[in-house]
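*Asks:* Okay, here's the prediction I keep looking at, along with the sequence it came from:
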Amino acid sequence: MENLEWPDGKHRCFWANPKNERYVRYHDEEWGQPVHDDGKLFEMLLLECFQAGLSWECILNKREGFRRAFAGFELEKVCAFTAEDVERLMQDAAIIRHRRKIEAAIGNARVFRAIQQEFGSFDRYLWQWTGNQSLREYGRTTSPVSDALAKDLKKRGMKFVGSTTLYSYLQAVGVIESHEPGCFLGEGKKETQ
């Protein structure tokens, strides 16, 4: 797919919306950068699970609302959320008010914590799926890695973690690097074989 002409002369991935500065900054500064911080990995997983069936731009535009509503994405605080918190969140117009996703976010936080306890960190668990290296691929929505990860996380009790959602997550946190060849961040990079 052809990239747009950008005022700064840089070409970006086709999905980056030039009219949304927040989205452009996300593309340029975050998306595809390897993440090893469990706090950031939790934040992005929570947001990706809310994104299921919606656009990432919609979620990104509500990111600060999610940050406030979900206690700054502090894992232990989210793990402690109760039924009262679910009701509070159902009234919060700054986030996606979807009961099953809200309940899944809390349950997923608890599974995330259990994975940390088992592996020493969620980072260690996540990056093992690619041998601790970023894979380079683009033009896909799932892969054998996202299929296997989805199966494992579902077995552990996570919800809203299908292969497509997890592929998007893996791209967001740099486990899979997917900037297009025409993008200034993907120039000269070849797919992982």
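*Replies:* That came through fine. Residues are numbered from 1 along each chain as shown.

*Asks:* Contacts only, for residue 103.
*Replies:* 86, 159 (CB atoms under 8 Å, 6 or more residues apart in numbering). Where C-beta positions appear, they are placed from N, C-alpha and C, glycine not excepted.

*Asks:* That should have said residue 46, apologies.
*Replies:* By CB under 8 Å, 6+ apart, the neighbours of residue 46 are 66, 70, 73, 78, 105, 108, 109.

*Asks:* Is there a neighbour count for the residue nearest to the third one when sequence neighbours are not counted? I'd like the number.
*Replies:* Right, the one you point to is residue 73. Closest residue to residue 73 apart from its sequence neighbours, by CB to CB, 6 or more residues apart in numbering: residue 43 at 4.1 Å. By other CB atoms under 10 Å, 21 other residues sit near residue 43.

*Asks:* helix, strand or coil for residue 43?
*Replies:* helix (DSSP: H, G, I helix; E, B strand; the rest coil).

*Asks:* And it, how far from residue 60?
*Replies:* Look at residue 43 and residue 60: by CB to CB, to the nearest Å, they are 12 Å apart.

*Asks:* Once you drop chain neighbours, what's closest to residue 118?
*Replies:* In space, residue 118 is closest to residue 125, 7.4 Å off (CB to CB, 6+ apart).

*Asks:* Quick one: residues contacting residue 135.
*Replies:* Contacts of residue 135 by CB under 8 Å, 6+ apart are 143, 145, 175, 176, 177, 192.
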